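Chemist: starting from these lines, generate the structure:
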Amino acid sequence: MSGFQIKTWWACSTEPQTAHSAIQTGRYGRGSLAIIPSKQDSIASDAIVVGGLDGHLRIYRPSDSTLTPKHLRLQTHLQAPIIQIAVGKFSSQDGVSVALLFPASLAIFKFIDAESSSLQRLYDLKLPAPSANFVHGKFKGLSNGQEQCCVQTQNGSMVIVDDGRIAAEASFGNFLVPGPMCFHHTSNCIILSNSALYVESYRVEQILSSAESSKAMQPVWRALIGENITHVDCITTQFEVEIVVIGQQHIFTLTESGELKRQMIIEVETACCGKAFTSKGDTFITCSTTGIFKLFQNFQLEWAAQAEFVPVSIVIGEFCGIPGFIVSIDASGYLIAAYLGTEIRPFKRLSERRSTERLDLSRSGSQTQLLKSSNVNSLGRAHRSISV
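Modeler: Numbers count the residues shown, from 1 in each chain. Okay, here's the model as predicted:
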C-alpha cells in the first residue's frame, strides 16, 4: 500500500448516471483510450479519444480542470463495438489519422482539428476473420512514410493492412486463443504471446513471404514465460529497446533476441499499463487490480500512489502546456486526467537501504535451542495426555 493518493486534475463520466447504471458497466477495455497530440492557441492541449464496446466514440479536450460542455468535442455512434483505438499516420494524406478496430473491419479516419473536432472516414477495410487486437508502426519493406497495422484475428492469423489494402495474411503454427502483442521497431518484429505461456517473435518480412504459402509460420525465437501473460510492450531504455512481459506474478524483460534480462515479482495482478517518452528513456506505468499506480524509470520503482478506482486503460497526455498527465478510464466509463502530486518516493530502493544492526549469531543460536526444547516439552505433554 502507498501513503499517497492519485491527484485528479480533470474528470468526467462518459456514461449518463441512471437508476440502472449497474447494467452499463463493462463497456470499456484495454484498447478504449488514445491520445491525439495537438495544440490550441500555440499551447499543447491533447485530445482524448474514448471508444466503447457499445459503439460510441467521444473526443474530449480539457482546457481547464473544471469539466464544461465545450470539453466534449465530438460524440458519435459507429454502429459496431470498438475493440481498440490507435493514433498515427495511417494514410498518405497529411495530418493525424485514427484507426478503429471493429469485430469485422478496420477503419481509418482523418482527424480534423477545428472549433469542433471531427473525423473524416478514409476507408473501412473488411477483415477475413473476426478481429482480436492490432499493433501499428512503420514496417520495413512496406513503409513509405506512413504506418501500417497488423491485426490478430480470432482464428490464429495475422493480417497486415497498408493504406486501405490487405498486404499480407499468414497463420500461426501454434495457436489456441489470441493474446497480447506489440511491434518491436528496431528488429521489425511482431512480438506475440500465446496460450502455451510462450512469447514468440515473427519478422514482418516473414509474414509477407508466408502469405504466398499455405504453411504455418514458425517464430524467429520463443521464450517460455511459464505463467498467464496479460500485457506485452516494448520499452526504450538508454541502451536498447527491451520487451516487457507482464504475467500474473512477475514482470519480465527480454532482449531483442528473446533472452531473459531481468525479472521482478509483483504482489498483485496488473490491471493495465502505459508508457511515456522521456529523454532518459520510456517511463513505464502499471496499475494493479487494487488500484495502486506504480511508475518505473529504467525498471526501478520511482513512485506509487493509490487510486479510488481500478482503470482498464492508461495513456499519457499533455494539457494546457503541462506534460505528464496520467489519463485513465475504468470499465464503467469513469475518465480522469491525474498527476503525481508529490516528488517524494514512498519506497526506497533495496540498494539504498542500509542496516545499522549487526547480526548476533550466538544469540540467534541460543534462541533456536530454546525454541526446540519448548517444542519437545510440548510434544511430550501431548503424548502423556493421549496415553492416559
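
Chemist: the spatially most central residue of the chain is in what secondary structure piece?
Modeler: With distances taken as CA atoms, centre = their mean, residue 273 lies nearest the centre of the chain, 3.8 Å away. Here residue 273, judged by DSSP states H and E, is contained in strand 270-278.

Chemist: show me what the next helix-or-strand element following that strand is packed against.
Modeler: Next helix or strand after strand 270-278 toward the C-terminus (DSSP H and E): strand 281-288. Applying 3 or more CB pairs under 8 Å, 6 or more residues apart in numbering; DSSP states H and E, we find strand 281-288 packed against strand 229-236, strand 270-278, strand 292-297, strand 311-319. Quick note: C-beta positions are derived from backbone N, CA and C, even for glycine.

Chemist: 6 Å instead, please
Modeler: The contact analysis (3 or more CB pairs under 6 Å, 6 or more residues apart in numbering; DSSP states H and E) places strand 281-288 against strand 229-236, strand 270-278, strand 292-297.

Chemist: partner strands of the shortest one and their direction?
Modeler: Going back to what we said before, that points to strand 292-297. Applying DSSP bridges, strand 292-297 is found paired with strand 281-288 (antiparallel), strand 300-306 (antiparallel).

Chemist: could you export those strands as a markdown table, including mean pLDDT, mean neighbour count and distance to residue 266?
Modeler: Formatted as a markdown table, the strands paired with strand 292-297 follow (pLDDT from 0 to 100; neighbours: other CB atoms under 10 Å; distance: least, CB to CB, whole Å):
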| stretch | mean pLDDT | mean neighbour count | distance to residue 266 |
| --- | --- | --- | --- |
| strand 281-288 | 87 | 21 | 7 |
| strand 300-306 | 87 | 17 | 11 |
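
Chemist: about what we covered before: okay, the helices and strands packed on strand 281-288 in JSON lines with mean pLDDT and distance to residue 72 next?
Modeler: Output for the helices and strands packed on strand 281-288, formatted as JSON lines (pLDDT from 0 to 100; distance: least, CB to CB, whole Å):
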{"stretch": "strand 229-236", "mean pLDDT": "92", "distance to residue 72": "30"}
{"stretch": "strand 270-278", "mean pLDDT": "87", "distance to residue 72": "23"}
{"stretch": "strand 292-297", "mean pLDDT": "90", "distance to residue 72": "26"}
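
Chemist: adding distance to residue 251, write the ones you listed out as TSV.
Modeler: Supplementary listing: the helices and strands packed on strand 281-288 in TSV, determined by distance: least, CB to CB, whole Å:
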stretch	distance to residue 251
strand 229-236	9
strand 270-278	8
strand 292-297	9
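
Chemist: give me the beta-bridge partners of the closest residue to residue 275 other than its chain neighbours?
Modeler: Nearest non-adjacent residue to residue 275, counting by CB to CB, 6 or more residues apart in numbering: residue 282, 4.7 Å away. Counting by DSSP bridges, residue 282 is bridged to residue 277.

Chemist: low-confidence regions, the stretch 51-200 of the chain specifically.
Modeler: For the stretch 51-200 of the chain, the stretches flagged by pLDDT under 70 are 114-115, 143.

Chemist: can you give me the strands in it?
Modeler: 56-60, 72-77, 84-88, 97-101, 105-112, 118-126, 131-137, 148-153, 157-162, 165-171, 181-184, 189-193, 198-203 (DSSP state E, counting those that start in this stretch).

Chemist: of all the ones you listed, which one is nearest residue 320?
Modeler: Residue 320 lies closest, by CB to CB, to one member of these: strand 56-60, at 13.6 Å.

Chemist: sounds good, over and out.
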